[in-house]
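Undergrad: missing the sequence, but the structure's below:
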């Protein structure tokens, strides 16, 4: 039916759903519920507001503690052949200390690259025993810390946190171009993570910042989750009405599920990418993130939004199949 095919186009006018009975998206669901009730000679369908997603973990609960590495500039200068002196000086100046997480990530990876390259060159042979040991220890420390540094750079960025904002709308019209650009942004973060120990892979500061800007433009994770929650709530309510009908001779007017199928495809694609990035770091994930991931982002947990939507959608199709389709559609 035409109204269903235009469901997500109508959602472009969306505002927060809680308590908004006149919300355009709710009007479309109300129309569908009214249609079902009429087809089944019922007075209506009992409705409730869908829940919102949970709060994203606080900063202290989502980051990994990394001990600060301290040494004198004199000792660092002794390793000047490793080309780290000016890099560390820039990191320690006033601007460097307040750099956003993305720039700190670039700094730490560049430092690791230079230390590793230096350690595997002929420079250590030219150093004193003390300085050689210092270079070895510093290289080992930065190598061990890099996965946690990468994790913190992502989870401390405002762009990443905004993607999980509860103050969001359900996903509007599934714009393939918008989804593609958001996926490209996640893919670049994935590349930086996957290649963090690849000396030949060079990160691009402007590319990183542009992709983060893309993520900031739309809280897609929250929008996807809220769209799943809304659809699940309204499908569940419709399912309750269909399930209680003993007389299955009533015909139902035709409906077109393509919009919900597009939502399902988009949600699965996006949640797959998000989970892959979260799971990519060889670190012990903070407990708060593990819990959030299992409750809201999982594609396996039947109680997560994706699993609940799949169950409600499948049940709705099965319940409708019990009734004949009206011949005048």
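TA: Perfect, thanks for sending it. Keep in mind that what you see is a predicted model, and the values were worked out from it rather than measured. Numbering: from 1, shown residues only.

Undergrad: leaving out the residues flanking it, which one is nearest to residue 46?
TA: Among residues not flanking residue 46 along the chain, residue 237 sits closest, at 6.5 Å (C-beta to C-beta, 6 or more residues apart in numbering). (C-beta placed from N, C-alpha, C; glycine too.)

Undergrad: what about that neighbour, which helix or strand?
TA: Using DSSP states H and E, residue 237 sits within helix 220-243.

Undergrad: what packs against that helix?
TA: helix 24-39, helix 258-280, helix 305-320 (3 or more C-beta pairs under 8 Å, 6 or more residues apart in numbering; DSSP states H and E).

Undergrad: how far off helix 305-320 does the second one point, in degrees?
TA: Taking axes from the mean of the first three to the mean of the last three C-alpha atoms, to 10 degrees, one finds helix 258-280 and helix 305-320 inclined to each other by 150 degrees.

Undergrad: residues touching helix 258-280, excluding its own?
TA: Helix 258-280 is contacted by residues 4-8, 154, 171, 174, 179, 182-183, 186-187, 189-190, 193-194, 220-221, 224, 227-228, 231, 285, 289, 293, 297-299, 306, 309-310, 313 when judged by C-beta atoms under 8 Å, 6 or more residues apart in numbering.

Undergrad: what number of residues lie near residue 187?
TA: 14 (other C-beta atoms under 10 Å).

Undergrad: contacting residues for it?
TA: By C-beta under 8 Å, 6+ apart, the contact set of residue 187 is residue 273.

Undergrad: and residue 71, by the same measure?
TA: Residue 71 neighbours (C-beta under 8 Å, 6+ apart): 134, 138.

Undergrad: how about it, secondary structure?
TA: What DSSP: H, G, I helix; E, B strand; the rest coil gives for residue 71 is coil.

Undergrad: for the nearest residue to residue 307 once chain neighbours are set aside, phi and psi?
TA: Nearest non-adjacent residue to residue 307, counting by C-beta to C-beta, 6+ apart: residue 301, 5.8 Å away. Here is the backbone geometry of residue 301 (degrees, to the nearest 10): phi -70, psi 120.

Undergrad: ok, the residue nearest to residue 319 when sequence neighbours are not counted to residue 55 distance?
TA: Of all residues not flanking residue 319 in the chain, residue 242 sits nearest, at 3.9 Å (C-beta to C-beta, 6+ apart). Between residue 242 and residue 55 the distance is 35 Å, computed by C-beta to C-beta, to the nearest Å.

Undergrad: who's more crowded, these two?
TA: Higher neighbour count among residue 242 and residue 55: residue 242, with 20 against 11, using other C-beta under 10 Å.

Undergrad: would you check how far apart the closest residue to residue 194 other than its chain neighbours and residue 292 are?
TA: Nearest residue to residue 194 in three dimensions, chain neighbours excluded: residue 280, at 6.6 Å (C-beta to C-beta, 6+ apart). Going from residue 280 to residue 292 by C-beta to C-beta gives 17 Å.

Undergrad: give me the more crowded residue out of the two.
TA: With neighbours defined as other C-beta under 10 Å, residue 280 and residue 292 compare such that residue 292 has more, 22 against 18.

Undergrad: from what I can see the more buried one touches residue 61, true?
TA: No. In this structure residue 292 lies outside contact range of residue 61 using C-beta atoms under 8 Å: 9.4 Å.

Undergrad: low pLDDT regions in the stretch 101-250 of the chain?
TA: 172 (pLDDT under 70).

Undergrad: try it again with 90
TA: With pLDDT under 90 as the threshold, the stretch 101-250 of the chain has low-confidence stretches at 168-178, 202-203, 246-250.

Undergrad: let's see the pLDDT reported for residue 19.
TA: On the pLDDT scale, residue 19 is placed at 41.
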